[in-house]
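In: fold the following for me, if possible:
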Amino acid sequence: MKKTELLIPAGGTEQFIAAVENGADAVYVGGRLFNARMNADNFSDEEMQAAVDFAHVRGVKVYVAMNTLVTDEELAEAADYAGFLYEAGVDALIIQDAGLGMLIRETMPDFPLHFSTQGSVYDLRGVETAARLGYERVVLARELSFNEIRYICENTDTEIEVFVHGALCVCYSGQCQLSRCHGGRSGNRGECAQPCRLEYKTFDAVGRAVDTVRYPLSPKDLCLIDHIGELAEAGVASLKVEGRMKSPEYVAIVTSIYRKYLDEYYANGSYRVSADDREALAQIFSRGGFTEGYWNGDPGMELMSGNIPKHQGVRIGKVIKKVTGGCLVDVKLYDSLQIGDGVEIHGRHVTGNIVTYYKDLKGGLTRIGDIKGQVEHGDILYRTSRKSQLSDARRSFENKTFAEGKFLRKRMIDMVLSADEDGMISLSVSLANSPGRTVDSTAESQPTVTVTAGSFDRADDPSAAKERMENSLRKTGSTPFAVAEISFSEGFDRMAPSSAINDLRRRALSELEKCFIVRREKAAPVFIWNAPSESRPKGLEFWFATWEGFCSFTMPAELMHSDAEKALIIPVTAFERHFGELREMAEAAAGEGVRIIPYTSDISKGAEDDYIEEHFQSICQHAEASGIYVGSLSWVQPFRSEGIRVYGDYGLNVCNRSSAAAYAGIGIKGCAPSLEMMPADGSMGSFPYMISQHDPEGDWLLDRKKARIRIVRRDESDQTLLIPELDILNIHAIREALNQENDNEIVRIYFI
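Out: The predicted structure is shown next:
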């Protein structure tokens with residue numbers, strides 16, 4: 001059985017070394033271009049090559065995230081950078097943009113592609129469509145239960161990757177516009193400003209304040225340490241830890257703990273996580289504890305961090321009193337605290353510092369300092385960092401580079417020493433493959449390296465000679481290898497000095513190391529698709545989040561009289577439920593050159609999917625003339641197989657002509673532009689900022705700039721939309737967009 005991979009993030013060199021040294025099977029990183037964490041340290045070309053080589057000689061794979069959306073102007077540069085990564089021996093690329101994926105597949109067909117969680121794949125149908133697009137692995141959306149994950153794994157040959165630890169987005173990844181529109185930086189372009197971690201006021205439908213959490217969009221961090229055995233048993237190919245913005249200490253601690261229990265599972269078939277390891281995970285980073293996410297279904301408010309949007313640490317005591325006239329505080333401790341640890345005190349105010357003073361007092365109290373700020377009796381004391389934990393973690397990566405250091409990670413090798421009649425000695429070295437030992441290699445076959453020296457005389461005492469030579473052979477030092485077994489050929493009776501054996505060992509290990517350095521030939525030249533997927537007159541579309549919004553809509557006269565083809569885009573559930581009355585509307589609208597087209601949501605998991613499946617044949621019959629927009633990969637093939645004309649909605653995130661061409665290749669007849677292409681100023685209407693599996697309390701949110709965001713709940717949908725409340729439609733901007741000469745065939749206006 002192929003073992004499940006432990007996949008670890010690295011935002012820089014120290015994190016990369018920490019991941020490898022603490023037991024990662026694979027590491028994912030970002031380079032200098034087109035990755036979703038452009039604010040991490042990331043890797044220059046030289047660092048990338050050194051990192052890949054460092055990992056490969058230690059049996060570790062390297063995946064590079066190129067998981068941002070790409071414009072037409074950027075495609076050539078992105079493909080060229082992918083070509084560099086291909087030549088450098090990177091094991092796979094993590095891709096969101098379908099157009100970039102298509103270019104890579106056409107020019108580097110043997111370069112493995114993983115479909116990013118930014119692709120919003122949440123079911124088996126989506127996995128199968130991603131496979132048709134050329135992806136050998138799919139990183140599932142984080143909103144799936146274990147039963148849903150297991151079902152997908154049992155019914156596909158495509159590799160499945162699942163997040164098991166780290167930060168969660170409240171929005172389905174790849175479908176968020178909140179950062180771009182409220183933070184000025186796009187998450188889909190690698191610069192998420194994390195506005196979901198900010199404070200919002202919550203109100204009900206009539207404007208009354210709702211008594212709820214201050215940070216209604218900030219989830220806790222995910223922790224599935226108790227379930228990695230179940231995921232492995234289900235057939236998940238890779239267990240992924242989030243955190244390319246995290247510290248190397250974080251990487252070291254999380255990696256070592258997940259490595260420990262994954263190994264225990266494979267050794268014993270079960271494991272039990274210790275209290276110390278649970279505390280270690282919480283200590284290094286947690287937002288008021290952990291969540292298991294959607295493992296057992298919708299966790300409700302248990303998912304959210306509530307009033308703690310940042311690292312909180314571990315609760316270890318409470319304040320008894322502040323010492324008058326100074327910065328010392330008397331506390332009651334429930335757990336250990338040392339000088340050099342970081343603390344925060346939470347009450348009406350939050351204050352904290354590194355502990356520089358510590359004294360045990362009578363009555364079981366402890367005096368600590370230097371604590372500035374206001375504290376009161378009963379305030380809660382948290383340990384936000386533990387000096388000893390950080391020091392232990394640093395030992396795995398400090399004073400190490402890709403070129404040198406006292407490394408812990410070794411690959412076990414076997415050695416065989418033999419001699420011929422002329423006294424020539426041969427040393428053969430290969431990866432160990434003894435019973436009970438797993439061979440881990442990035443190479444397709446296990447190499448054997450043989451070097452020779454001599455000639456040498458026969459030994460007076462062969463047994464003593466072998467012992468001395470074996471001692472020399474085991475001195476692998478700072479190489480990435482350690483010796484498992486040394487054997488001698490039958491009748492071996494030669495004696496070589498230690499210097500000669502040392503030279504044999506050095507040459508053999510050097511040659512073996514070269515066997516794992518991967519270099520590929522330069523990729524074929526890139527052809528950029530320069531034509532739209534289908535030539536159509538520019539259309540004007542009105543997209544509605546709800547049936548009620550559609551019913552209350554009156555098309556502005558200035559737009560009604562434009563020459564553009566017009567369409568009203570409504571939810572498929574409303575289209576089917578109200579088809580009788582829509583038929584009359586459609587006939588009247590058709591006389592004015594307006595079509596009505598249904599759409600499936602960009603995420604239709606749960607109730608909407610159930611509705612579509614239950615009414616599928618009827619929907620197909622009713623949509624035969626209009627066609628249907630699909631918001632995700634999940635419904636492309638079902639409707640295509642029934643002969644229904646399928647269009648791609650904004651959820652497919654088409655930002656370039658190559659993406660449109662890629663989707664045309666699986667039968668999609670034209671795509672609406674990604675919301676990423678929409679003006680952020682609201683001039684084209686109220687498009688969704690988020691689609692979330694979590695349902696916040698209340699009816700609308702107010703941010704610190706007094707902008708209103710409506711929480712939209714729809715019939716036959718398990719998901720919640722967050723949509724800005726805009727009162728005025730910018731007709732001038734819409735007419736300008738209609739008159740622009742560009743490749744966008746569709747001008748979209750969005751309504752709640």
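In: ranges for the helices of the stretch 551-700 of the chain?
Out: For the stretch 551-700 of the chain, the helices defined by DSSP state H, counting those that start in this stretch occupy 557-560, 572-577, 579-591, 607-614, 616-622, 636-641, 657-664.
In: ditto for the stretch 151-300 of the chain
Out: Using DSSP H, counting those that start in this stretch, the helices assigned to the stretch 151-300 of the chain run over residues 178, 228-234, 248-268, 275-284.
In: for those, which one sits closest to residue 704?
Out: When the helices of the stretch 151-300 of the chain are compared for distance to residue 704 using CB to CB, the nearest one is helix 178, at 13.5 Å. All C-beta spots, glycine's among them, are computed from the backbone N, C-alpha and C.
In: need the contact list for residue 316.
Out: For residue 316, the residues meeting the contact criterion (CB atoms under 8 Å, 6 or more residues apart in numbering) are 333, 334, 335, 336, 337, 381, 382, 383.
In: circling back: same list (the helices of the stretch 151-300 of the chain) but as TSV, adding mean neighbour count, distance to residue 111 and mean pLDDT.
Out: Rendered in TSV, the data for the helices of the stretch 151-300 of the chain read as follows (neighbours: other CB atoms under 10 Å; distance: least, CB to CB, whole Å; pLDDT from 0 to 100):
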stretch	mean neighbour count	distance to residue 111	mean pLDDT
helix 178	25	33	95
helix 228-234	19	27	98
helix 248-268	21	26	98
helix 275-284	17	35	98
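In: now the ones you listed in TSV, please, with extra columns for distance to residue 647.
Out: Supplementary listing: those in TSV, determined by distance: least, CB to CB, whole Å:
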stretch	distance to residue 647
helix 178	26
helix 228-234	35
helix 248-268	42
helix 275-284	45
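In: low-confidence ranges, the stretch 501-650 of the chain, go.
Out: For the stretch 501-650 of the chain, the stretches flagged by pLDDT under 70 are 527-537, 589-591.
In: in stretch 295-310, what's buried?
Out: Buried residues in stretch 295-310, counted by 16 or more other CB atoms under 10 Å: 295, 299, 303, 304, 305, 306, 308, 309.
In: before we move on, the earlier item: mind checking which of the helices of the stretch 551-700 of the chain is nearest residue 210?
Out: Among these, the nearest to residue 210 by CB to CB is helix 607-614 (24.4 Å).
In: extract the C-alpha trace of the closest one and format it as PDB.
Out: Below are the C-alpha coordinates for helix 607-614, written out as PDB (Å, rounded to 0.1, in the frame of the first residue of the first chain):
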ATOM      1  CA  ALA A 607     -29.100  21.500  -0.700                       C
ATOM      2  CA  GLU A 608     -28.600  23.000  -4.100                       C
ATOM      3  CA  ASP A 609     -26.900  19.900  -5.500                       C
ATOM      4  CA  ASP A 610     -29.700  17.800  -4.000                       C
ATOM      5  CA  TYR A 611     -32.300  19.900  -5.600                       C
ATOM      6  CA  ILE A 612     -30.600  19.800  -9.000                       C
ATOM      7  CA  GLU A 613     -30.200  16.000  -8.800                       C
ATOM      8  CA  GLU A 614     -33.800  15.500  -7.900                       C
END
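In: against which helices or strands is that helix packed?
Out: Where contact means 3 or more CB pairs under 8 Å, 6 or more residues apart in numbering; DSSP states H and E, helix 607-614 is packed against helix 572-577.
In: got the contact list for the helix it packs on?
Out: Contacts of helix 572-577 from elsewhere in the structure, counted by CB under 8 Å, 6+ apart, are 546-547, 550, 582, 596, 598-600, 608, 611-612, 615, 618-619, 622-623, 628, 714-717.
In: now do 7 Å
Out: For helix 572-577, the external contacting residues (CB atoms under 7 Å, 6 or more residues apart in numbering) are 547, 582, 598-600, 608, 611-612, 615, 618-619, 622, 628, 715-716.
In: any of these buried? List them.
Out: When neighbours are counted using 16+ other CB under 10 Å, these contain these buried positions: 547, 582, 598-600, 608, 611-612, 615, 619, 622, 628, 716.
In: pick out the most distant pair among those residues.
Out: 582 and 608 (18.1 Å).
In: which stretches in the stretch 301-450 of the chain count as strands?
Out: 314-322, 329-333, 342-346, 350-354, 357-360, 365-369, 380-385, 411-419, 425-431, 448-453 (DSSP state E, counting those that start in this stretch).
In: CA atoms only: put the fifth one into CSV for me.
Out: Spelled out, it's strand 357-360. What follows is strand 357-360 as a C-alpha-only set of coordinates in CSV (Å, rounded to 0.1, in the frame of the first residue of the first chain):
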residue,chain,number,x,y,z
TYR,A,357,11.2,38.8,36.2
TYR,A,358,10.0,35.7,38.0
LYS,A,359,9.6,35.0,41.7
ASP,A,360,7.7,32.4,43.7
